[in-house]
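Undergrad: okay, sequence plus prediction incoming.
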Number of protein chains: 2
Amino acid sequence: MAKSDVSPSVVKRLPRYYRFLGEIKRAGIQRVSSGELSKKMGFTASQIRQDLNCFGGFGQQGYGYNVEQLYDEIGKILGVNQKAKTVLIGAGNLGRAVASHMSFEERGFNLIGIFDKNQALAGQLVRNMPIRHIDGLYDFCRDNTPTVAVLCIPSESAKEITDELVKLGVKGFWNFSHYDIAVNHPEVAVENVHLSDSLMKLSFHVNNL
Amino acid sequence: MAKSDVSPSVVKRLPRYYRFLGEIKRAGIQRVSSGELSKKMGFTASQIRQDLNCFGGFGQQGYGYNVEQLYDEIGKILGVNQKAKTVLIGAGNLGRAVASHMSFEERGFNLIGIFDKNQALAGQLVRNMPIRHIDGLYDFCRDNTPTVAVLCIPSESAKEITDELVKLGVKGFWNFSHYDIAVNHPEVAVENVHLSDSLMKLSFHVNNL
DNA sequence: ATAACTTTGTTAAAAATTTGAAAAAGTTAG
DNA sequence: CTAACTTTTTCAAATTTTTAACAAAGTTAT
């Protein structure tokens, strides 16, 4: 099956598999069956087999899956060995935390620049990288051609900056803002992290236990 | 339809509706049709009508939906007017950013305590609230009975703390750690924010455009 | 080498979600 | 007040996702 035919539901679970396999691999476990994965991950064994089979048979009857091989294969599918040049826009509380906290390199990204509109932040180091003023974004992108942007900015500024970044060749957005990139730019890849949506979902569930 | 019968897919979209209705309400718009919502939000009109109908007919034929009424109704369903007592565990980069950045009060939560195992952070103010040492968590919970916890801690510490919090009566977790609460405590409400999963999903999509 | 056992790959069925379309109800304009 | 129009509600069809079951293949123990 071609990668682009993989259903959204499967894509959503791939990172879970990857993380879990990484854990048991580091724990020294060499083989694992769909049944064991099922018990520890909370998916049905049937679903796990179905998912993994989208990419060709990695398992072996009577044995199960080789942890390291499966880990590597899923890593390849996810592209975690890529080095997509990435800029982060917005170095407020959230932006700085994301910049410092995330292992971009282990997930297929290479963070090459951090920008903020607040002149006072300029020069301050985050992750050993100076915060740059947003005015330099255009030139920076022209010179360094990043393909991915992380948006940690308020939604008011988001439309303008997104439009510019798309023009400058950015193909993927990790979007922490409330601006709806996907509706306005259906041609790029967008992954939204809507923290307040998540919080409201929790509110719903807590109030309906 | 009873709230607990609402399907996960619908619950996932409720916060989107709530946010968007809030925006257009603040912009002074008083009525809206499913067709307009569709165009601006990127769902089909049919789906929107189906979703909103789960909770009883808020709309009126030939007119559409009253923005303010619909906003209030969805707010009630989500429980954003609640004040669930909430503790945040882990005041590292991410924890501090979440504490400072999120509008807990507007989403149904009341943040009453921040904890960290790092003694050096104790007393430091975040959101006008002193960081407390984790050793005080037990007494604090016994005295203040929080019902929700935000976990911004590494997964190694997560199991122990989660077990203790569940014993102390915490019913909902906003989980930024990689520890799988839901598998081990199926009785509580869990909303996971797995940033690295989201990042890997973006990697997949960027590499398969 | 053989037999019993395990576990995958695969197919089919079931369940859930999304989309489409028509009937019912209310609005707006003349 | 009537007729044309808009839009929801509701029902049915199509699609997607999940679950179940079984045959095929390989492993392990004797």
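TA: Sure, I can see it.
Undergrad: and the lengthiest strand in chain A, what's its mean pLDDT?
TA: In chain A, assigned by DSSP state E, the strand with the most residues is strand A:109-116. Strand A:109-116 shows a mean pLDDT of 98 in the predicted model.
Undergrad: next one: stretch A:187-199
TA: Stretch A:187-199 shows a mean pLDDT of 97.
Undergrad: what's next to the longest strand of chain A, contact-wise?
TA: The contact list for strand A:109-116 (CB atoms under 8 Å, 6 or more residues apart in numbering or on different chains) reads A:82-92, A:95, A:99, A:104, A:122, A:126-127, A:129-134, A:136-137, A:140, A:144, A:146, A:148, A:150, B:199, B:203. C-betas here are computed from N, CA, C, even on glycine.
Undergrad: which parts of it are buried?
TA: A:109, A:111-116 (16 or more other CB atoms under 10 Å in any protein chain shown).
Undergrad: note down every partner strand of that strand and its orientation.
TA: Paired neighbours of strand A:109-116 in the sheet (DSSP bridges): strand A:84-89 (parallel), strand A:129-133 (parallel).
Undergrad: need those in JSON lines with mean pLDDT, can you?
TA: Listed next are the strands paired with strand A:109-116 as JSON lines, based on pLDDT from 0 to 100:
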{"stretch": "strand A:84-89", "mean pLDDT": "98"}
{"stretch": "strand A:129-133", "mean pLDDT": "98"}
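Undergrad: of all those, which one is nearest DNA strand C?
TA: strand A:84-89 (28.6 Å; CB to the nearest atom of the strand).
Undergrad: tell me if I'm right that A:Gly92 and A:Leu151 touch.
TA: No: applying CB atoms under 8 Å as the test, A:Gly92 and A:Leu151 come out as separate, 11.6 Å apart.
Undergrad: return the residues of chain A in contact with DNA strand D.
TA: A:7-10, A:43-44, A:46-47, A:49-50, A:60-63 (CB under 7 Å from any atom of the strand).
Undergrad: please repeat the previous calculation with a cut-off of 6 Å.
TA: With CB under 6 Å from any atom of the strand as the criterion, chain A meets DNA strand D at residues A:7-9, A:44, A:46-47, A:50, A:60-63.
Undergrad: in chain A, where's the longest helix?
TA: When chain A is scanned for its longest helix (criterion: DSSP state H), the result is helix A:8-26.
Undergrad: and the most far-flung residue of chain A relative to its centre, how close does it get to A:His133?
TA: Distance from the centre of chain A peaks at A:Gly62, with 34.6 Å (CA atoms, centre = their mean). Separation of A:Gly62 from A:His133 (CB to CB, to the nearest Å) stands at 61 Å.
Undergrad: what ranges of chain A fall below the confidence cut-off?
TA: Filtered on pLDDT under 70, chain A yields the residue ranges A:1-4.
Undergrad: can you give me the helices for it?
TA: Per DSSP H, chain A carries helices over the ranges A:8-26, A:34-41, A:45-53, A:67-78, A:93-101, A:137-144, A:155-167, A:181-184, A:195-207.
Undergrad: redo those as a markdown table? Include distance to B:Glu191 and mean neighbour count.
TA: Output for the helices of chain A, formatted as a markdown table (distance: least, CB to CB, whole Å; neighbours: other CB atoms under 10 Å in any protein chain shown):
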| stretch | distance to B:Glu191 | mean neighbour count |
| --- | --- | --- |
| helix A:8-26 | 15 | 17 |
| helix A:34-41 | 18 | 16 |
| helix A:45-53 | 21 | 16 |
| helix A:67-78 | 23 | 19 |
| helix A:93-101 | 18 | 21 |
| helix A:137-144 | 34 | 14 |
| helix A:155-167 | 22 | 16 |
| helix A:181-184 | 22 | 17 |
| helix A:195-207 | 4 | 23 |
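Undergrad: distance to B:Ala158 for the ones you listed - can I get that in a markdown table?
TA: Shown next, in a markdown table, are the helices of chain A (distance: least, CB to CB, whole Å):
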| stretch | distance to B:Ala158 |
| --- | --- |
| helix A:8-26 | 13 |
| helix A:34-41 | 15 |
| helix A:45-53 | 23 |
| helix A:67-78 | 22 |
| helix A:93-101 | 16 |
| helix A:137-144 | 38 |
| helix A:155-167 | 32 |
| helix A:181-184 | 32 |
| helix A:195-207 | 17 |
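Undergrad: tell me which of these sits nearest to B:Ala27.
TA: For B:Ala27, the closest of the helices of chain A is helix A:155-167, at 12.8 Å, according to CB to CB.
Undergrad: quick one: contacts of that closest one?
TA: The contact list for helix A:155-167 (CB under 8 Å, 6+ apart) reads A:87, A:89, A:117, A:134, A:137-138, A:141, A:149, A:151, A:153, A:173, A:175, A:177-179, A:181, A:184-185, A:187-188.
Undergrad: hmm, try it at 10 Å
TA: Under the criterion CB atoms under 10 Å, 6 or more residues apart in numbering or on different chains, residues A:87, A:89-90, A:115, A:117, A:134, A:137-138, A:141, A:146, A:148-149, A:151, A:153, A:170-171, A:173, A:175-181, A:184-185, A:187-188, A:190, B:19, B:23 lie in contact with helix A:155-167.
Undergrad: got it, and stretch A:8-17?
TA: Taking CB under 10 Å, 6+ apart as the rule, stretch A:8-17 contacts A:1, A:3, A:6, A:37, A:41-43, A:47-48, A:50-52, A:54-55, A:70-71, A:73-75, A:77-78, A:80, A:107, B:178, B:180, B:192, B:194, B:196-201, B:203-205, B:208.
Undergrad: so how far is B:Gln60 from A:Val150?
TA: 42 Å.
Undergrad: which of those two has more neighbours?
TA: Neighbour count, other CB atoms under 10 Å in any protein chain shown: between A:Val150 and B:Gln60, A:Val150 has more, with 27 against 10.
Undergrad: next one: stretch A:148-168 to chain centre, how far?
TA: In terms of CA atoms, centre = their mean, to the nearest Å, the centre of stretch A:148-168 is found 17 Å from the chain centre.
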